[in-house]
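Engineer: predicted model and sequence follow; I will ask about them next.
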Amino acid sequence: MRDGLVQKYGSAARQEAATLRLLHAHNVPVPRVTDCREHQLTLEHLSGEPLPDLIERGSYEPRVLAFALCDWFAAFYAAMPGLSRGDVNGRNFLYDGVRIVSVDFEDALVPGSPAHDAGRLAAFLVTYDTHYPALRADLTTHFTKEFATRFGCSTDEIREETALELVAMQKRRA
(Lines give C-alpha, C1' and ligand atoms only; values in the text may rest on other atoms or scores of the structure.)
Protein backbone atom coordinates (compact mmCIF):
# COMPACT_ATOMS: atom_id res chain seq x y z
CA MET A 1 0.00 0.00 0.00
CA ARG A 2 3.06 2.22 0.26
CA ASP A 3 2.91 3.11 -3.43
CA GLY A 4 -0.72 4.22 -3.15
CA LEU A 5 -1.85 2.15 -6.14
CA VAL A 6 -3.88 -1.05 -6.15
CA GLN A 7 -4.65 -2.78 -9.44
CA LYS A 8 -8.11 -4.29 -9.81
CA TYR A 9 -10.02 -5.56 -12.80
CA GLY A 10 -13.44 -4.64 -14.16
CA SER A 11 -16.23 -3.94 -11.75
CA ALA A 12 -14.15 -5.15 -8.79
CA ALA A 13 -12.39 -1.78 -8.78
CA ARG A 14 -15.72 0.06 -8.79
CA GLN A 15 -17.13 -2.18 -6.06
CA GLU A 16 -14.11 -1.68 -3.82
CA ALA A 17 -14.14 2.08 -4.47
CA ALA A 18 -17.83 2.25 -3.51
CA THR A 19 -17.16 0.32 -0.29
CA LEU A 20 -14.20 2.51 0.62
CA ARG A 21 -16.13 5.71 -0.11
CA LEU A 22 -19.04 4.55 2.03
CA LEU A 23 -16.77 3.61 4.92
CA HIS A 24 -14.77 6.83 4.59
CA ALA A 25 -18.00 8.87 4.64
CA HIS A 26 -18.85 7.20 7.95
CA ASN A 27 -15.42 8.02 9.44
CA VAL A 28 -14.11 4.47 9.35
CA PRO A 29 -10.31 4.61 9.02
CA VAL A 30 -9.78 3.43 5.45
CA PRO A 31 -7.78 4.94 2.59
CA ARG A 32 -9.40 7.69 0.57
CA VAL A 33 -10.10 6.85 -3.06
CA THR A 34 -8.34 9.37 -5.29
CA ASP A 35 -9.33 7.84 -8.64
CA CYS A 36 -11.26 4.87 -9.96
CA ARG A 37 -11.22 3.71 -13.55
CA GLU A 38 -12.39 0.55 -15.21
CA HIS A 39 -9.29 -1.45 -14.34
CA GLN A 40 -7.56 0.42 -11.56
CA LEU A 41 -8.20 1.94 -8.20
CA THR A 42 -5.89 4.65 -6.88
CA LEU A 43 -5.81 5.28 -3.14
CA GLU A 44 -4.14 7.87 -0.97
CA HIS A 45 -0.70 7.03 0.37
CA LEU A 46 -0.88 5.55 3.86
CA SER A 47 1.72 5.47 6.56
CA GLY A 48 1.96 2.57 8.93
CA GLU A 49 2.95 -1.05 8.82
CA PRO A 50 0.99 -4.25 8.31
CA LEU A 51 0.37 -6.14 11.56
CA PRO A 52 2.53 -9.15 10.63
CA ASP A 53 5.58 -6.93 10.18
CA LEU A 54 5.09 -5.37 13.62
CA ILE A 55 4.53 -8.73 15.23
CA GLU A 56 7.58 -10.26 13.57
CA ARG A 57 9.81 -7.47 14.93
CA GLY A 58 8.09 -7.23 18.30
CA SER A 59 7.85 -3.45 17.90
CA TYR A 60 4.55 -2.72 19.63
CA GLU A 61 2.88 -2.53 23.02
CA PRO A 62 0.32 -5.39 23.07
CA ARG A 63 -2.43 -3.63 25.03
CA VAL A 64 -2.17 -0.41 22.99
CA LEU A 65 -2.26 -2.28 19.68
CA ALA A 66 -5.17 -4.45 20.85
CA PHE A 67 -7.16 -1.34 21.79
CA ALA A 68 -6.33 0.30 18.44
CA LEU A 69 -7.66 -2.78 16.64
CA CYS A 70 -10.84 -2.68 18.71
CA ASP A 71 -11.18 1.05 17.98
CA TRP A 72 -11.12 0.28 14.26
CA PHE A 73 -13.80 -2.38 14.64
CA ALA A 74 -15.91 -0.01 16.77
CA ALA A 75 -15.88 2.55 13.95
CA PHE A 76 -16.68 -0.17 11.41
CA TYR A 77 -19.60 -1.68 13.37
CA ALA A 78 -21.03 1.78 14.10
CA ALA A 79 -21.04 2.50 10.36
CA MET A 80 -22.08 -0.96 9.18
CA PRO A 81 -24.29 -2.57 11.85
CA GLY A 82 -24.90 -6.27 11.26
CA LEU A 83 -22.09 -6.56 8.73
CA SER A 84 -18.78 -8.34 9.06
CA ARG A 85 -15.41 -7.08 7.87
CA GLY A 86 -14.91 -10.57 6.59
CA ASP A 87 -11.38 -10.38 5.20
CA VAL A 88 -9.47 -9.88 8.43
CA ASN A 89 -6.08 -11.05 7.28
CA GLY A 90 -3.58 -9.09 9.38
CA ARG A 91 -1.97 -7.67 6.24
CA ASN A 92 -5.19 -5.72 5.75
CA PHE A 93 -4.55 -3.66 8.89
CA LEU A 94 -1.87 -0.96 9.00
CA TYR A 95 -0.71 0.54 12.29
CA ASP A 96 1.08 3.88 12.44
CA GLY A 97 1.73 3.84 16.19
CA VAL A 98 -1.55 5.62 16.96
CA ARG A 99 -4.36 4.11 14.94
CA ILE A 100 -5.31 1.25 12.68
CA VAL A 101 -6.34 1.80 9.06
CA SER A 102 -7.83 -1.12 7.16
CA VAL A 103 -7.27 -1.81 3.48
CA ASP A 104 -8.37 -4.34 0.85
CA PHE A 105 -12.13 -4.31 0.52
CA GLU A 106 -12.36 -6.16 -2.79
CA ASP A 107 -14.61 -8.75 -1.15
CA ALA A 108 -18.09 -7.49 -0.39
CA LEU A 109 -19.01 -6.92 3.22
CA VAL A 110 -21.28 -9.70 4.44
CA PRO A 111 -23.70 -10.27 7.32
CA GLY A 112 -21.80 -11.66 10.25
CA SER A 113 -21.08 -11.47 13.92
CA PRO A 114 -18.37 -9.55 15.69
CA ALA A 115 -17.19 -12.84 17.24
CA HIS A 116 -16.57 -14.18 13.72
CA ASP A 117 -14.37 -11.20 12.83
CA ALA A 118 -12.51 -11.39 16.14
CA GLY A 119 -11.93 -15.13 15.86
CA ARG A 120 -10.63 -14.86 12.33
CA LEU A 121 -8.22 -12.05 13.26
CA ALA A 122 -7.10 -13.89 16.41
CA ALA A 123 -6.31 -16.95 14.23
CA PHE A 124 -4.07 -14.82 12.05
CA LEU A 125 -2.43 -13.25 15.10
CA VAL A 126 -1.52 -16.59 16.67
CA THR A 127 0.00 -17.96 13.47
CA TYR A 128 2.46 -15.15 12.80
CA ASP A 129 6.07 -16.20 13.08
CA THR A 130 7.96 -14.10 15.56
CA HIS A 131 10.99 -14.08 17.82
CA TYR A 132 8.63 -12.70 20.49
CA PRO A 133 5.92 -15.35 21.01
CA ALA A 134 5.06 -14.11 24.51
CA LEU A 135 4.44 -10.60 23.17
CA ARG A 136 2.23 -12.03 20.40
CA ALA A 137 0.32 -14.10 22.97
CA ASP A 138 -0.23 -10.97 25.08
CA LEU A 139 -1.55 -9.13 22.02
CA THR A 140 -3.99 -11.94 21.23
CA THR A 141 -5.17 -12.12 24.86
CA HIS A 142 -5.67 -8.35 25.17
CA PHE A 143 -7.42 -8.20 21.79
CA THR A 144 -9.78 -11.08 22.61
CA LYS A 145 -10.71 -9.75 26.06
CA GLU A 146 -11.18 -6.14 24.92
CA PHE A 147 -13.13 -7.19 21.83
CA ALA A 148 -15.46 -9.40 23.89
CA THR A 149 -16.06 -6.58 26.36
CA ARG A 150 -16.75 -3.93 23.73
CA PHE A 151 -18.90 -5.96 21.38
CA GLY A 152 -20.90 -8.16 23.73
CA CYS A 153 -19.57 -11.54 22.76
CA SER A 154 -17.85 -14.02 25.02
CA THR A 155 -14.21 -14.97 24.85
CA ASP A 156 -15.43 -18.56 24.40
CA GLU A 157 -17.30 -17.53 21.21
CA ILE A 158 -14.15 -15.85 19.94
CA ARG A 159 -12.06 -18.93 20.77
CA GLU A 160 -14.56 -21.15 18.89
CA GLU A 161 -14.35 -18.88 15.85
CA THR A 162 -10.55 -18.87 16.15
CA ALA A 163 -10.49 -22.67 16.15
CA LEU A 164 -12.73 -22.79 13.07
CA GLU A 165 -10.48 -20.34 11.24
CA LEU A 166 -7.33 -22.26 12.18
CA VAL A 167 -8.86 -25.39 10.61
CA ALA A 168 -9.84 -23.41 7.50
CA MET A 169 -6.31 -21.95 7.29
CA GLN A 170 -4.80 -25.42 7.54
CA LYS A 171 -7.02 -26.64 4.68
CA ARG A 172 -6.12 -23.63 2.50
CA ARG A 173 -2.41 -24.15 3.12
CA ALA A 174 -2.45 -27.94 2.56
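Structural biologist: Received it, and whenever you're ready, just let me know what you need. Just so you know, these numbers come straight off a predicted model, no measurement behind them.

Engineer: could you pull out the helices for the protein?
Structural biologist: With DSSP state H as the definition, the chain shows helices at residue ranges 11-25, 51-57, 62-79, 114-127, 133-151, 155-173.

Engineer: which one of the ones you listed lies nearest to Asp87?
Structural biologist: Ranking the helices of the chain by proximity to Asp87 (Cβ to Cβ) places helix 114-127 first, at 8.6 Å. Placement of C-beta: from N, CA and C, glycine included.

Engineer: contacts for the closest one, please.
Structural biologist: Among residues not part of helix 114-127, those counted as contacts by Cβ atoms under 8 Å, 6 or more residues apart in numbering are 51, 55, 69, 73, 77, 84-86, 88-90, 136-137, 139-140, 143-144, 147-148, 151-154, 157-166, 169.

Engineer: which outside residues touch stretch 14-30?
Structural biologist: Under the criterion Cβ under 8 Å, 6+ apart, residues 6, 8, 31-33, 36, 38, 41, 43, 72, 75-76, 78-80, 99-103, 105-106, 108-109 lie in contact with stretch 14-30.

Engineer: buried residues, that stretch. List them.
Structural biologist: With burial defined by 16 or more other Cβ atoms under 10 Å, the residues of stretch 14-30 counted as buried are 15-17, 19-20, 23-24, 28-30.

Engineer: and what of stretch 151-169?
Structural biologist: Going by neighbour count (16+ other Cβ under 10 Å), the buried part of stretch 151-169 is 151, 153, 155, 157-159, 161-162, 165-166.

Engineer: and that stretch, average pLDDT?
Structural biologist: On average, the pLDDT along stretch 151-169 is 95.

Engineer: show me the contact partners of stretch 60-71.
Structural biologist: Contacts to stretch 60-71, defined as Cβ under 8 Å, 6+ apart, come from residues 51, 54, 93, 95, 98-100, 121, 135, 138-139, 141-143, 146-147, 150.
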